[in-house]
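Visitor: coords please:
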Amino acid sequence: MPSAATATTRLARHSRAIALACALVCAIWPALAQTPDTPPWEPTTPVLEGAQLALLDAALARLPPQRPGVTDLYVLGVAGDADEEVFRNEVAYLRQLSAQRWDAAGRMLALANQPDTLASEGALPLATYDSLGYALDALGRTLDPREDVLFLYLGSHGVDDSSVYLHTGPDEEDYLAPEDLAQLLDEAGIGNAVIVVSACYSGGFVPALKAANRMIITAARKDRPSFGCGNTDSATWFGRAFLVEALNATNDFAAAFGLARDTVRRREKEEGELPSQPQFFAGKAITTVLARWRAGLPPSAPVPYPFVHSPPAGNSNRKSP
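Guide: Residues are numbered from 1 along each chain as shown. Take a look at the predicted model:
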């Protein structure tokens, strides 16, 4: 668990903080120039205790038990950045999509770094390194690793070493590296898993997570940015193409990735952006499990995306590394 992180891991996370800080300075220098007292960017993980721990325990307690003989899909959505609504929007939509199309009503847990996230449904636990590890441990005890599947959707900014940014508020940020997530999944005893990482440079998660019982989907190659963050759009380019469009056309995650990849490629070409080249891996075992899961799904209609779409505005849509 994160509480037992070694000094080496902490140093690596600090280095990722410096890398992200440098990238952000380049991207938003005009704003920073007007606020010289901006505090330094350093990894600081909020402690999982008190109200946050109670909130997470309550959400986990509401998860229904797995059904023996049925391939249940448990869904974990993570919106990593407190400053941008697109990640929150996608996690909020994932709740509706999984309930209405994947027979997973009640089996979705959301961690989100937005104060007003899903206010109508009550406050949500923050998305931190500790809360993610805690949630995965609980899910590992709930699902059957042999017959059930975890669908993990992680949306945030990415650093050029493929780490994902977890930002809960001013002076509170941390980083999740591909090897960190691999360790958390293994320690939690999560078996079958579909892992989607929507972030810049996220392709580095593929080699770190490869296993026969996993499918890994990323929004970009390990050395490429992806697009659509900021508040000029209601979803990232990959999130809209994969979650909203492709997964309303099919419940086959592999086929949905192919549709989304083609959609993103066309949009990047139209906008004159460097191709992000989304990545995909599927182990032989997870392919068989997912085919069995799809066979048990009832027919369902597409789920409308409830958030207002604003046209993209040039490079402001780029996911800041």
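Visitor: residue 307: how many residues sit nearby?
Guide: Applying other Cβ atoms under 10 Å, we find 18 residues neighbouring residue 307. Just so you know, the C-beta spots here come from the backbone N, C-alpha and C atoms, and that holds for glycine as well.
Visitor: for it, which three-state class applies?
Guide: What DSSP: H, G, I helix; E, B strand; the rest coil gives for residue 307 is coil.
Visitor: host element of the closest residue to it other than its chain neighbours?
Guide: Spatial nearest neighbour of residue 307, excluding adjacent residues (Cβ to Cβ, 6 or more residues apart in numbering): residue 234 at 3.9 Å. Element membership for residue 234, per DSSP states H and E: none, as it lies in no helix or strand.
Visitor: strands along this structure, start to end?
Guide: If DSSP state E is used as the criterion, the strands of the chain fall at 73-79, 108-112, 149-155, 164-169, 172-176, 192-198, 214-218, 279-282.
Visitor: quick one: strands adjacent to the third one?
Guide: Partner strands for strand 149-155, per DSSP bridges, with pairing direction: strand 73-79 (parallel), strand 192-198 (parallel).
Visitor: and the last one, what's buried?
Guide: Taking 16 or more other Cβ atoms under 10 Å as the basis for neighbour counts, the residues of strand 192-198 that come out buried are 192-198.
Visitor: please render these as CSV that adds pLDDT and distance to residue 99 to the earlier fields.
Guide: Formatted as CSV, the entries for these read as follows, by pLDDT from 0 to 100; distance: Cβ to Cβ, whole Å:
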residue, pLDDT, distance to residue 99
192, 98, 20
193, 98, 20
194, 98, 17
195, 98, 20
196, 98, 17
197, 98, 22
198, 97, 20
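Visitor: and of those, the nearest to residue 238?
Guide: Within the set of these, residue 198 lies nearest residue 238; the separation is 5.2 Å, counting by Cβ to Cβ.
Visitor: got a list of what the closest one touches?
Guide: The neighbourhood of residue 198, defined by Cβ atoms under 8 Å, 6 or more residues apart in numbering, consists of 87, 90, 153-156, 218-219, 226, 236, 238-239, 242.
Visitor: just these now: which is nearest residue 99?
Guide: In terms of Cβ to Cβ, no member of these lies closer to residue 99 than residue 153, at 14.1 Å.
Visitor: any idea how far residue 229 is from the closest one?
Guide: 15 Å (Cβ to Cβ, to the nearest Å).
Visitor: just to revisit the earlier point, closest one to residue 132 among the strands paired with strand 149-155?
Guide: Taking Cβ to Cβ as the measure, these were each checked against residue 132, and strand 73-79 came out nearest at 6.5 Å.
Visitor: render the CA-only coordinates of the closest one in PDB, please.
Guide: As requested, C-alpha coordinates have been extracted for strand 73-79 and formatted as PDB (Å, rounded to 0.1, in the frame of the first residue of the first chain):
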ATOM      1  CA  LEU A  73     -18.300  -6.000 -13.900                       C
ATOM      2  CA  TYR A  74     -17.100  -3.600 -11.200                       C
ATOM      3  CA  VAL A  75     -16.300  -0.100 -12.300                       C
ATOM      4  CA  LEU A  76     -13.800   2.300 -10.800                       C
ATOM      5  CA  GLY A  77     -13.700   5.800 -12.300                       C
ATOM      6  CA  VAL A  78     -10.900   8.200 -11.300                       C
ATOM      7  CA  ALA A  79     -10.900  12.000 -12.200                       C
END
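Visitor: give me the residues contacting it.
Guide: Residues from elsewhere that reach strand 73-79, judged by Cβ under 8 Å, 6+ apart: 63, 66, 87-88, 90-91, 94-95, 98, 102-104, 107-114, 117, 127, 132, 135-136, 139, 142-143, 148-156, 293.
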